[in-house]
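Engineer: 3D, please:
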Amino acid sequence: MRVSEAAAAFTAHLAQVRRLSPATVRAYRSDLADLADASADAELSSVDLETLRDWLWRATQRGDARATLARRTAAVRSFFAWASESGAVPADPSLRLIAPKRGRTLPAVASVDAMRVLLDEARDAAREGDPIRLRDSAVLELLYGSGMRVSELCGLAVDDVDLDRGTARVLGKGGKERVVPFGGPARTAIAAYLSRARPTLVARAERPGPALFRGSRGGALGTRAVYELVARVLAPVIGADTVGPHALRHSAATHLLDGGADLRAVQEILGHASLGTTQIYTHVSAERLTTTYRLAHPRA
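Structural biologist: Purely as a prediction, here's the structure:
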């Protein structure tokens, strides 16, 4: 069995048996396809530790980030552990493969004032009644107001949102369901979208469905469209060339902690499996505090 054949069987196992998210499966498929190319699609049993080390070394020469290298290391470890358990290889060559240490980078975060201006501008534009602008205002308000992931937002059905309680039921990573709160501005924007925009968009669809947010042709709104929306309105605010919906999630988490929210409560809202993942936002807040101190204190 060649590397590419084994990789196809493994990614099918991830999707159908382990039921990992489509995004995770795609990442593993991409990593293993790169391994197949680097090894000239050799027989799986001929891939040894040196082959894997050379593969990672080539990735470092390309300039791949340490986080990417760490993910690739995890991918081949899982791959060869599965291959070893299934009898496809006599021994696991990845056991001694060392992943590079991840550098922890602070996420891009917009200021509270900048978010206020951005959302107010989206709300004012929506007052003209254009269905797309009404939808965009609701999308931005909900992403920032709840801190949910873009995949969670695009997966929402109409019945998942409770406007009376100001909550949304989302399906997160690993198929874990949670309920997230959102505030008054998001509630107002969603209500306006539901009454004045969604019926118009649904009427354009070939197959109307339960998806809350709809695209310009009436189908379910995709993550790419949300990325394009956020990049257009948020990149100038943050001052970054590339920025996506996760920046709104980062901003929401940081502003919650800046406002005095409990770390574990923020963990629950974001749906983080580990508290350590949430703690990065305390570093963002600390860095902001330090920057303010250095700018303002005469003895800084």
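
Engineer: for stretch 12-28, how far is the first residue from the last?
Structural biologist: With CA to CA, to the nearest Å applied, stretch 12-28 spans 11 Å between its terminal residues.

Engineer: if we look at that stretch, which residues are touching it?
Structural biologist: Residues from elsewhere that reach stretch 12-28 (CB atoms under 8 Å, 6 or more residues apart in numbering): 10-11, 71, 75, 78-79, 82, 151, 173-175. Bear in mind the C-beta positions are built from the backbone N, C-alpha and C, glycine included.

Engineer: which of these lies closest to A203?
Structural biologist: Proximity of these to A203 (CB to CB) peaks at S151, which lies at 26.2 Å.

Engineer: that's a strand at that closest one, yeah?
Structural biologist: No: going by DSSP: H, G, I helix; E, B strand; the rest coil, the assignment for S151 is helix, not a strand.

Engineer: For PyMOL, what selects the buried ones among the contacts of stretch 12-28?
Structural biologist: The buried residues among the contacts of stretch 12-28 can be selected in PyMOL (16 or more other CB atoms under 10 Å) with this line:
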select buried, resi 10+11+71+75+78+79+82+151
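
Engineer: Nearest to G166 among the contacts of stretch 12-28?
Structural biologist: G166 lies nearest to S151 out of the contacts of stretch 12-28, by CB to CB, at 21.5 Å.

Engineer: The closest one contacts R224, correct?
Structural biologist: No: the criterion here is CB atoms under 8 Å, and S151 misses it with R224 at 11.6 Å.

Engineer: Could you chop this structure up by domain?
Structural biologist: Annotated domains of the chain cover 3-85, 112-294 [automatic domain parsing].

Engineer: The first one: end-to-end distance?
Structural biologist: Read it as domain 3-85. Using CA to CA, one end of domain 3-85 lies 16 Å from the other.

Engineer: Let's test this: mean pLDDT of that domain, rounded?
Structural biologist: Across domain 3-85, the average pLDDT comes to 89.

Engineer: And for the residue nearest to G175 when sequence neighbours are not counted, the neighbour number?
Structural biologist: Distances taken as CB to CB, 6 or more residues apart in numbering put R19 closest to G175, at 6.5 Å, once the chain neighbours are dropped. Look at R19: counted by other CB atoms under 10 Å, it has 10 neighbours.

Engineer: Now G271, what are its backbone angles?
Structural biologist: Backbone geometry at G271, expressed as degrees, to the nearest 10, gives phi 80, psi 30.

Engineer: That one - how many residues pack around it?
Structural biologist: If you count neighbours by other CB under 10 Å, G271 ends up with 21.

Engineer: what's near enough to touch the nearest residue to V89 once chain neighbours are set aside?
Structural biologist: Take V89 and drop its neighbours on the chain: the residue closest to it by CB to CB, 6+ apart is A83, 4.7 Å away. Contact analysis of A83 by CB under 8 Å, 6+ apart lists 6, 10, 44, 89, 92.

Engineer: what's the answer for F10, then?
Structural biologist: F10 is in contact with 28, 32, 78-79, 82-83, counting by CB under 8 Å, 6+ apart.
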